[in-house]
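J.: when you get a sec, could you give me coordinates for this:
(3 chains)
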Amino acid sequence: MAQRDSKILLLKNLNAVQKQAVEQIDGPNLILAGAGSGKTRVLTHKIAYLIERKKVKPENILAMTFTNKAANEMKERISQLLKGTIKGLWLGTFHSICARILRKNCEKLGYTGNFVIYDDSDQLSLLKTIIKELEIPKDEQLKPRWVRSKIKNIKNSNKTIDDYLEGSYSFADEYLEDIYYKYITRLQQNNAMDFEDLLLKSNELFKLFPSVVKFYQNIFQYILVDEYQDTNRLQYELIKAMGGKRQNISVVGDDDQSIYRWRGAEIRNILDFKKDFPTCKIFKLEQNYRSNENILKIAHSIISHNINRMEKELWTKKESGERATLKIAYDNFDEANFIVQKIIEETHNNQRNFSDFAILYRINAQSRSFEEALKNHTINYVVIGGIRFYERKEIKDILAYLKILVNQKDSVSLKRIINYPTRGIGEATVTKIDKFSQQQKITFFQALGKIDKIDSIPKRKQETIFQFYKLIQKYIGLKGTVAVSELITALIENLGIFSSLKEEGSIESLNKIENIRELILGINEFIKRNPDLSLEHYLENVALITDVDNWDKSANAVSLLTLHSAKGLEFPVVFITGMEEGLFPLGRNMETDEELEEERRLFYVGATRAKEKLYLSAKKYRRMNGETSTCTISRFLTEIDKDLIEVQDLTYNQGKTQGRQISKPKRIYKFEFEDNSSPTEKLRPGILVRHERFGIGVVRKIEGREENIKANIIFEDVGEKNIVLKYCNLEIIK
DNA sequence: GAGCGGCCTTTTTTT
DNA sequence: AAGGCCGCTC
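T.: This next block holds a predicted model:
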């Protein structure tokens, strides 16, 4: 009886194709799932089906996703289906699954289980040190960021540096090789892995140790992969290796939603799945349950122009819906005001909540003008992503202390905090210690313990450094005996972080205090929820988590996020903004077909996040550096079926430009107000002002109080800078 | 010489 | 918001 119930429950909410896809459990299978076609539903039902109907043990199932959010959602939905939490299921992001495997096995590769994970900024600071040490001539190309992206490419494609540089002997490449070798050695010395290493080292582990790979092949009887179109070479190889002889691999994906090529995703993985796994079965999910017909048609009329794609067209039983609106805006403020107006209109006319809206853009920095406009109209909003919590300076500083307590070899974190709070130890001193530690073949931390042997550092400074060393030693000792929450509270107290921030008294420093408090709460929460896990697990969790993962759906607020973060979410009304700017936000032309293709996919993904209504906006077609840029919007207009959208262009008048053409460069003028009229009341950021000579500008930032107020105002360039003015010279427009 | 603070410029997208 | 650069101070 119980079995019949669960059978009904498990399969009754599926359509015919979904059902087939769920029931096909053996061998490789590819589930092509268009946006909103029930991808997660199939995955979760399949896992539930395996456990409930096929009596597969949860610990024999591996499901890998791209985000923690997707993983959590799946976890939740599976336990709903099976009426109870499932223990032992391997469900997580590629990176977290790999981290788990590596924690257990990394000693075989010369690491210890307490290794730390370096994020992008840690990577960057390590590369800076290396570039400096190698005394590399200053070169446009050999900037740390350039090197980092090269290294990421090499690792993600699972190539050796030799393969990568084959046949290329440019000036920069020769140095790149030196940097690369030093970088990977240094990572290992620091007992640290970067994001790519999590995948790369797991793969290495499987290649080098047949017994290990056999062990995991035995465990992972069934493998499920989400967002397969965004896997890179390494992930592809991992999946293949883990699948072993059985090859019970179900991958779910949609080539039309591949938007991560820039970080190594290879669309060939999904396009060539049939070649890689000749016995595979293919299921196509084309019924869309999310959007109305009009939105699907818009998305399709764009994506169908792509060259490398499997033909498919989504359909829906829903009504056709309203036409989308394309607003050509005059500038940022016009664009933002249009959106605010529409939100107000929709909330009044259609009784929508603020949480029904999402504003999507390409880059996080674009959120500013929307934030200002929403703030001015007292509309609640949340920015998702952007400056991520764990990437804030004050948070990273505290985390660096914790990392050192866990892993003393981590010289990147150690250098970060050796002068935080300021102890008078600058770059020059750090370099001296670095040299010494390399001569002596000891770690940076060990060198601090022998600081009296470095003669070139004055005695007083040696004493300061030794105090720092003893401080760290003390907390390493405490770590084993005291609860983590007490440890961190004591540490922060000891460092006097709160008191010095309080002394500063600025809004920023108060914010920082709040953030650190939140961090402490978060740590305590984590420890409470996972009593058997330690500090290093917390740090791993922090390194792999993102803001979208913490996104709170219940708050009644407009969501602001990038198109990339919007993946997998859905909203009744979606605004896609900044469309004129193309793949490169600075208005550069899209140079290759590939770039254009990826741009279309982004738009498609953005469009299909909308359930009911879609608004598009673009700023006025403009000139950059004297040259005309190729705009996404003009391409868009040539490709889209005109019946599907309503174009609103109030900036054009009979084909001619009305008003001024906005040209680069703009310049920010700093005004200092000398009177005591306290203009901050009216002069808030986002307010438009008119100046008799400079024309119309917008306030970007206000600083200071009562006397000596400074305001940053953006005007077009009129050739002067930093002008001191009286408040009365500005007329406030709104 | 070293460190520090202020000012200016620049910012793709994410695990 | 944060890194780079410059000038000021100990």
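J.: so residue A:68 sits against residue A:546, correct?
T.: Yes. Taking contacts as CB atoms under 8 Å, residue A:68 lies within contact range of residue A:546: 6.9 Å. Using the backbone N, CA and C atoms, a C-beta is placed for each residue, glycine as well.
J.: flag the shaky bits of the stretch 251-400 of chain A, pLDDT-wise.
T.: Judged against pLDDT under 70, the stretch 251-400 of chain A has no low-scoring part.
J.: again with the stretch 1-150 of chain A
T.: A:1-9, A:138-141.
J.: isn't there a strand covering residue A:699?
T.: Yes. Assessed by DSSP: H, G, I helix; E, B strand; the rest coil, residue A:699 belongs to a strand.
J.: bridging residues for it?
T.: residue A:713 (DSSP bridges).
J.: burial count for the closest residue to DNA strand C within the stretch 1-150 of chain A?
T.: Nearest to DNA strand C in the stretch 1-150 of chain A, going by CB to the nearest atom of the strand, is residue A:121, at a distance of 5.7 Å. For residue A:121, the count of nearby residues is 13 (other CB atoms under 10 Å).
J.: I figured it hits residue A:395, correct?
T.: No. Between residue A:121 and residue A:395 there is no contact, the gap being 11.5 Å when judged by CB under 8 Å.
J.: how far away is the residue in chain A that DNA strand B sits nearest to from residue A:130?
T.: Taking CB to the nearest atom of the strand, DNA strand B has its nearest neighbour within chain A at residue A:426, 2.2 Å off. Residue A:426 sits 19 Å away from residue A:130, taking CB to CB, to the nearest Å as the criterion.
J.: give me the distance between the two termini of stretch A:129-147.
T.: End-to-end distance of stretch A:129-147: 13 Å, with CA to CA, to the nearest Å as the criterion.
J.: whoops, I mixed them up, stretch A:294-313
T.: 13 Å.
J.: could you do stretch A:269-277 as well?
T.: 11 Å.
J.: list the contacts of it.
T.: Residues from elsewhere that reach stretch A:269-277 (CB atoms under 8 Å, 6 or more residues apart in numbering): A:27-28, A:30, A:228-229, A:231-232, A:236, A:240, A:247, A:249, A:251, A:253, A:255, A:258, A:280, A:282, A:308, A:310.
J.: tell me where the stretch 401-550 of chain A has helices.
T.: Counting by DSSP state H, counting those that start in this stretch, the segments of the stretch 401-550 of chain A that form helices are A:411-417, A:427-439, A:444-449, A:459-481, A:484-495, A:497-504, A:507-529, A:535-544.
J.: right, so of those, which gets closest to residue A:180?
T.: Closest approach to residue A:180 among those (CB to CB): helix A:411-417, 17.0 Å.
J.: what's whichever strand or helix holds residue A:606 packed up against?
T.: Using DSSP states H and E, residue A:606 sits within helix A:593-607. If contacts are counted by 3 or more CB pairs under 8 Å, 6 or more residues apart in numbering; DSSP states H and E, helix A:593-607 sits against helix A:293-303, strand A:571-576, helix A:632-639.
J.: distance to residue A:376 and mean neighbour count added to the ones you listed, as JSON lines?
T.: Formatted as JSON lines, the helices and strands packed on helix A:593-607 follow (distance: least, CB to CB, whole Å; neighbours: other CB atoms under 10 Å):
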{"stretch": "helix A:293-303", "distance to residue A:376": "30", "mean neighbour count": "23"}
{"stretch": "strand A:571-576", "distance to residue A:376": "17", "mean neighbour count": "23"}
{"stretch": "helix A:632-639", "distance to residue A:376": "26", "mean neighbour count": "16"}
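J.: closest to residue A:89 out of these?
T.: Once the helices and strands packed on helix A:593-607 are compared by CB to CB, strand A:571-576 is nearest, at 29.7 Å.
J.: sorry, back to before: so which strand or helix has the residue of the stretch 1-150 of chain A closest to DNA strand C?
T.: Going by DSSP H and E, residue A:121 is in helix A:120-133.
J.: residue A:85 and residue A:79 touch, don't they?
T.: Yes. Between residue A:85 and residue A:79 there is a contact under CB under 8 Å: 4.8 Å.
J.: who's more crowded, these two?
T.: Neighbour count, other CB under 10 Å: between residue A:85 and residue A:79, residue A:79 has more, with 15 against 10.
J.: in a strand, that one, correct?
T.: No. Using three-state DSSP, the assignment for residue A:79 is helix, not a strand.
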